[in-house]
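*Asks:* any chance you can model this:
(one chain, ligands or ions: 1)
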Amino acid sequence: MSNKPIGIFDSGIGGTSIFKEINALLPNENIIYLADSKNAPYGNKSAEDILQLSIKNTEYLLKKGSKIIVVACNTATTNAIDFLRENYNTPFIGIEPAIKPAALNTETKVIGILATKGTLSSQLFYKTSSLHTNGIKVIEQIGEGIVPLIETGKLESEEMQALLETYLKPMLDQNIDYLVLGCTHYPYLIPMLVKMLPKHIKIIDSGRAVAKQTQAILNSNNLLNSEVRKPEVNLYTNGNLEILNTIVENKFNTAYLDF
Ligand code: DGL
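*Replies:* Reported below is the predicted structural model:
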(Lines give C-alpha, C1' and ligand atoms only; values in the text may rest on other atoms or scores of the structure.)
Protein backbone atom coordinates (compact mmCIF):
# COMPACT_ATOMS: atom_id res chain seq x y z
CA MET A 1 0.00 0.00 0.00
CA SER A 2 2.83 2.45 0.85
CA ASN A 3 3.92 2.66 -2.81
CA LYS A 4 0.43 3.79 -3.87
CA PRO A 5 0.05 7.46 -4.83
CA ILE A 6 -0.96 10.45 -2.74
CA GLY A 7 -4.12 11.76 -4.44
CA ILE A 8 -4.59 15.52 -4.51
CA PHE A 9 -7.47 17.52 -5.95
CA ASP A 10 -8.54 21.13 -6.35
CA SER A 11 -11.17 23.01 -8.33
CA GLY A 12 -8.34 23.89 -10.71
CA ILE A 13 -4.67 24.76 -10.88
CA GLY A 14 -4.51 26.60 -7.53
CA GLY A 15 -3.94 23.44 -5.50
CA THR A 16 -0.62 23.04 -7.31
CA SER A 17 0.64 25.48 -4.65
CA ILE A 18 -0.05 22.66 -2.16
CA PHE A 19 1.18 19.96 -4.54
CA LYS A 20 4.55 21.76 -4.79
CA GLU A 21 4.92 21.84 -0.99
CA ILE A 22 4.06 18.14 -0.72
CA ASN A 23 6.39 17.15 -3.56
CA ALA A 24 9.23 19.19 -2.02
CA LEU A 25 8.76 17.68 1.45
CA LEU A 26 8.07 14.13 0.24
CA PRO A 27 10.15 13.70 -2.94
CA ASN A 28 9.92 9.92 -2.74
CA GLU A 29 6.13 9.81 -3.06
CA ASN A 30 4.07 8.90 -6.11
CA ILE A 31 1.45 11.60 -6.66
CA ILE A 32 -1.68 12.09 -8.77
CA TYR A 33 -3.03 15.64 -8.93
CA LEU A 34 -6.45 16.46 -10.38
CA ALA A 35 -7.23 20.01 -11.51
CA ASP A 36 -11.00 20.15 -11.99
CA SER A 37 -10.65 23.35 -14.02
CA LYS A 38 -13.69 22.48 -16.14
CA ASN A 39 -15.80 23.11 -13.03
CA ALA A 40 -13.85 26.05 -11.60
CA PRO A 41 -14.56 28.17 -9.73
CA TYR A 42 -16.13 26.13 -6.91
CA GLY A 43 -16.31 29.24 -4.74
CA ASN A 44 -19.65 30.49 -6.05
CA LYS A 45 -21.37 27.09 -6.21
CA SER A 46 -23.87 25.75 -3.68
CA ALA A 47 -22.62 23.60 -0.80
CA GLU A 48 -24.37 20.61 -2.41
CA ASP A 49 -22.64 21.14 -5.78
CA ILE A 50 -19.25 21.51 -4.06
CA LEU A 51 -19.92 18.25 -2.21
CA GLN A 52 -20.89 16.38 -5.40
CA LEU A 53 -17.77 17.60 -7.22
CA SER A 54 -15.60 16.62 -4.24
CA ILE A 55 -17.15 13.12 -4.29
CA LYS A 56 -16.48 12.81 -8.04
CA ASN A 57 -12.79 13.78 -7.59
CA THR A 58 -12.38 11.54 -4.55
CA GLU A 59 -13.83 8.52 -6.34
CA TYR A 60 -11.53 9.03 -9.30
CA LEU A 61 -8.48 9.26 -7.02
CA LEU A 62 -9.57 6.14 -5.11
CA LYS A 63 -10.08 4.25 -8.39
CA LYS A 64 -6.44 5.10 -9.15
CA GLY A 65 -5.43 3.52 -5.83
CA SER A 66 -4.69 6.63 -3.73
CA LYS A 67 -3.52 5.77 -0.19
CA ILE A 68 -4.44 9.21 1.15
CA ILE A 69 -6.37 12.13 -0.31
CA VAL A 70 -5.37 15.76 0.08
CA VAL A 71 -8.25 18.13 -0.53
CA ALA A 72 -6.07 21.01 -1.78
CA CYS A 73 -8.97 23.42 -1.82
CA ASN A 74 -10.32 25.47 1.08
CA THR A 75 -13.76 25.63 -0.54
CA ALA A 76 -14.02 21.84 -0.92
CA THR A 77 -12.56 21.21 2.54
CA THR A 78 -14.89 23.55 4.36
CA ASN A 79 -17.95 22.19 2.53
CA ALA A 80 -17.20 18.51 2.06
CA ILE A 81 -14.46 17.06 4.27
CA ASP A 82 -16.74 15.87 7.07
CA PHE A 83 -18.82 13.93 4.57
CA LEU A 84 -15.75 12.47 2.85
CA ARG A 85 -14.22 11.34 6.16
CA GLU A 86 -17.48 9.71 7.22
CA ASN A 87 -18.07 7.92 3.94
CA TYR A 88 -14.67 6.73 2.69
CA ASN A 89 -12.23 4.53 4.49
CA THR A 90 -9.14 6.56 3.54
CA PRO A 91 -7.25 9.27 5.41
CA PHE A 92 -8.15 12.78 4.21
CA ILE A 93 -6.07 15.92 4.68
CA GLY A 94 -7.89 19.22 4.28
CA ILE A 95 -6.90 22.85 4.10
CA GLU A 96 -8.50 25.68 5.99
CA PRO A 97 -7.57 29.38 6.19
CA ALA A 98 -4.74 29.93 8.71
CA ILE A 99 -6.82 32.15 10.98
CA LYS A 100 -5.31 30.80 14.20
CA PRO A 101 -1.65 31.89 13.75
CA ALA A 102 -2.80 35.28 12.48
CA ALA A 103 -5.11 35.76 15.47
CA LEU A 104 -2.42 34.65 17.92
CA ASN A 105 0.24 36.99 16.57
CA THR A 106 -1.58 40.13 15.49
CA GLU A 107 -0.52 43.30 17.30
CA THR A 108 -3.08 45.64 15.78
CA LYS A 109 -5.82 43.12 16.66
CA VAL A 110 -7.14 43.43 13.13
CA ILE A 111 -6.58 40.69 10.54
CA GLY A 112 -7.73 40.35 6.97
CA ILE A 113 -8.84 37.20 5.22
CA LEU A 114 -9.25 36.76 1.51
CA ALA A 115 -11.14 33.61 0.50
CA THR A 116 -13.98 32.38 -1.69
CA LYS A 117 -17.64 32.92 -0.94
CA GLY A 118 -18.02 29.15 -0.45
CA THR A 119 -15.32 29.11 2.23
CA LEU A 120 -16.39 32.25 4.07
CA SER A 121 -20.03 31.15 4.20
CA SER A 122 -19.30 27.57 5.36
CA GLN A 123 -20.12 26.32 8.84
CA LEU A 124 -16.61 24.93 9.30
CA PHE A 125 -15.05 28.33 8.65
CA TYR A 126 -17.52 29.99 10.99
CA LYS A 127 -16.66 27.47 13.71
CA THR A 128 -12.88 27.78 13.30
CA SER A 129 -13.01 31.54 13.06
CA SER A 130 -15.20 32.02 16.15
CA LEU A 131 -12.96 29.68 18.13
CA HIS A 132 -9.76 31.66 17.57
CA THR A 133 -10.71 35.30 17.08
CA ASN A 134 -12.10 36.42 20.39
CA GLY A 135 -11.31 40.15 20.77
CA ILE A 136 -9.92 40.36 17.25
CA LYS A 137 -11.48 42.12 14.32
CA VAL A 138 -11.58 39.91 11.23
CA ILE A 139 -12.11 41.62 7.90
CA GLU A 140 -13.50 39.00 5.56
CA GLN A 141 -13.22 39.66 1.86
CA ILE A 142 -14.57 37.44 -0.92
CA GLY A 143 -11.98 37.24 -3.70
CA GLU A 144 -14.63 37.41 -6.41
CA GLY A 145 -13.09 37.04 -9.87
CA ILE A 146 -9.55 36.12 -8.79
CA VAL A 147 -9.77 32.38 -9.48
CA PRO A 148 -11.23 32.81 -13.01
CA LEU A 149 -8.35 35.17 -13.88
CA ILE A 150 -5.74 32.66 -12.64
CA GLU A 151 -7.52 29.80 -14.42
CA THR A 152 -7.40 31.73 -17.70
CA GLY A 153 -3.71 32.57 -17.42
CA LYS A 154 -4.23 36.21 -16.36
CA LEU A 155 -2.34 36.05 -13.09
CA GLU A 156 -0.20 39.12 -13.55
CA SER A 157 -2.70 41.31 -15.35
CA GLU A 158 -4.08 44.80 -14.95
CA GLU A 159 -7.48 43.28 -14.13
CA MET A 160 -5.89 41.35 -11.27
CA GLN A 161 -4.08 44.43 -9.98
CA ALA A 162 -7.37 46.36 -9.96
CA LEU A 163 -9.25 43.58 -8.15
CA LEU A 164 -6.56 43.28 -5.49
CA GLU A 165 -6.47 47.04 -4.90
CA THR A 166 -10.24 47.02 -4.33
CA TYR A 167 -10.10 44.05 -1.97
CA LEU A 168 -7.14 45.28 0.06
CA LYS A 169 -8.36 48.84 0.56
CA PRO A 170 -10.82 48.19 3.43
CA MET A 171 -8.20 46.03 5.13
CA LEU A 172 -5.51 48.69 4.88
CA ASP A 173 -7.94 51.38 6.01
CA GLN A 174 -8.61 49.35 9.16
CA ASN A 175 -4.95 48.68 9.89
CA ILE A 176 -4.54 44.92 9.46
CA ASP A 177 -1.13 43.47 10.22
CA TYR A 178 -1.88 39.96 8.93
CA LEU A 179 -3.40 38.92 5.63
CA VAL A 180 -4.60 35.31 5.54
CA LEU A 181 -4.80 33.73 2.10
CA GLY A 182 -7.76 31.35 2.37
CA CYS A 183 -7.71 29.86 -1.11
CA THR A 184 -5.05 27.64 -2.66
CA HIS A 185 -4.98 29.75 -5.81
CA TYR A 186 -3.90 32.84 -3.86
CA PRO A 187 -0.26 31.96 -2.97
CA TYR A 188 0.41 32.69 -6.66
CA LEU A 189 -0.56 36.30 -5.89
CA ILE A 190 2.17 36.71 -3.27
CA PRO A 191 4.72 38.47 -5.55
CA MET A 192 2.04 41.04 -6.46
CA LEU A 193 0.79 41.38 -2.89
CA VAL A 194 4.29 41.95 -1.54
CA LYS A 195 4.66 44.91 -3.89
CA MET A 196 1.26 46.32 -2.95
CA LEU A 197 1.28 45.94 0.84
CA PRO A 198 3.24 47.93 3.42
CA LYS A 199 6.23 45.90 4.65
CA HIS A 200 4.93 45.28 8.18
CA ILE A 201 1.90 43.29 6.93
CA LYS A 202 2.52 39.56 7.01
CA ILE A 203 0.96 37.27 4.46
CA ILE A 204 0.19 33.73 5.54
CA ASP A 205 -1.12 30.63 3.86
CA SER A 206 -1.48 27.02 4.92
CA GLY A 207 0.53 25.21 2.23
CA ARG A 208 3.54 24.18 4.29
CA ALA A 209 1.36 23.09 7.22
CA VAL A 210 -0.70 20.87 4.92
CA ALA A 211 2.43 19.18 3.56
CA LYS A 212 3.69 18.54 7.11
CA GLN A 213 0.33 17.16 8.16
CA THR A 214 0.32 14.85 5.13
CA GLN A 215 3.77 13.60 6.11
CA ALA A 216 2.70 13.07 9.74
CA ILE A 217 -0.45 11.12 8.82
CA LEU A 218 1.40 8.95 6.30
CA ASN A 219 4.07 8.28 8.91
CA SER A 220 1.63 7.35 11.67
CA ASN A 221 -0.20 4.96 9.29
CA ASN A 222 3.07 3.40 8.08
CA LEU A 223 2.29 4.65 4.60
CA LEU A 224 5.46 6.57 3.67
CA ASN A 225 6.83 5.15 0.43
CA SER A 226 9.90 3.01 1.02
CA GLU A 227 10.45 1.99 -2.61
CA VAL A 228 13.72 3.28 -4.03
CA ARG A 229 12.83 3.74 -7.70
CA LYS A 230 11.99 7.17 -9.11
CA PRO A 231 8.44 8.12 -8.09
CA GLU A 232 5.69 8.76 -10.62
CA VAL A 233 4.24 12.24 -10.37
CA ASN A 234 1.36 13.08 -12.71
CA LEU A 235 -0.84 16.13 -12.89
CA TYR A 236 -4.10 15.99 -14.82
CA THR A 237 -6.43 18.76 -15.90
CA ASN A 238 -9.84 18.63 -17.53
CA GLY A 239 -9.23 22.24 -18.61
CA ASN A 240 -6.37 24.06 -20.31
CA LEU A 241 -3.14 22.03 -20.30
CA GLU A 242 -0.91 24.92 -21.30
CA ILE A 243 -2.06 27.01 -18.34
CA LEU A 244 -1.39 24.09 -15.98
CA ASN A 245 2.10 23.69 -17.47
CA THR A 246 2.82 27.39 -17.01
CA ILE A 247 1.83 27.39 -13.35
CA VAL A 248 4.08 24.36 -12.63
CA GLU A 249 6.85 25.89 -14.77
CA ASN A 250 6.90 22.86 -17.12
CA LYS A 251 8.66 20.86 -14.41
CA PHE A 252 6.23 17.91 -14.10
CA ASN A 253 4.42 15.31 -16.20
CA THR A 254 1.04 16.70 -17.11
CA ALA A 255 -1.83 15.56 -19.34
CA TYR A 256 -5.39 16.40 -20.30
CA LEU A 257 -7.90 14.00 -18.78
CA ASP A 258 -11.69 14.09 -18.88
CA PHE A 259 -12.52 13.00 -15.33
N1 DGL B 1 -8.61 26.76 -4.80
C2 DGL B 1 -9.84 26.81 -4.16
C3 DGL B 1 -9.82 27.13 -2.70
O4 DGL B 1 -8.82 26.88 -2.06
C5 DGL B 1 -11.11 27.03 -4.85
C6 DGL B 1 -11.29 28.25 -5.63
C7 DGL B 1 -12.54 28.18 -6.45
O8 DGL B 1 -12.66 27.27 -7.25
O9 DGL B 1 -13.39 29.05 -6.27
O10 DGL B 1 -10.78 27.59 -2.16
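*Asks:* okay, how far is it across stretch 87-97, tip to tip?
*Replies:* 24 Å (CA to CA, to the nearest Å).
*Asks:* going by neighbour count, list what's buried in that stretch.
*Replies:* 91-97 (16 or more other CB atoms under 10 Å). Bear in mind the C-beta positions are built from the backbone N, C-alpha and C, glycine included.
*Asks:* can you narrow the residues you listed to ones near the ligand?
*Replies:* Among the buried residues of stretch 87-97, no residue lies close to the ligand (CB under 6 Å from any ligand atom).
*Asks:* as a markdown table, those with distance to S17, pLDDT and secondary structure would be great.
*Replies:* Below are the buried residues of stretch 87-97 laid out as a markdown table (distance: CB to CB, whole Å; pLDDT from 0 to 100; DSSP: H, G, I helix; E, B strand; the rest coil):
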| residue | distance to S17 | pLDDT | secondary structure |
| --- | --- | --- | --- |
| P91 | 21 | 98 | coil |
| F92 | 19 | 98 | strand |
| I93 | 15 | 98 | strand |
| G94 | 15 | 98 | coil |
| I95 | 10 | 97 | coil |
| E96 | 15 | 95 | coil |
| P97 | 14 | 95 | coil |
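*Asks:* check the burial of E156 by counting its neighbours.
*Replies:* 12 (other CB atoms under 10 Å).
*Asks:* that older thread, nearest to the ligand, of the buried residues of stretch 87-97?
*Replies:* Closest approach between the buried residues of stretch 87-97 and the ligand, by CB to the nearest ligand atom: I95, at 6.7 Å.
*Asks:* what backbone torsions are found at the closest one?
*Replies:* phi -130, psi 130 (degrees, to the nearest 10).
*Asks:* repeat for L179
*Replies:* Dihedral angles (degrees, to the nearest 10) for L179: phi -120, psi 120.
*Asks:* next one: S130
*Replies:* Per degrees, to the nearest 10, the backbone of S130 is at phi -70, psi -30.
*Asks:* burial of it, as a residue count?
*Replies:* For S130, using other CB under 10 Å, the count is 11.
*Asks:* what residues does the stretch 1-150 of the chain put near the ligand?
*Replies:* 10-12, 14-15, 40-43, 73-75, 116, 119, 147.
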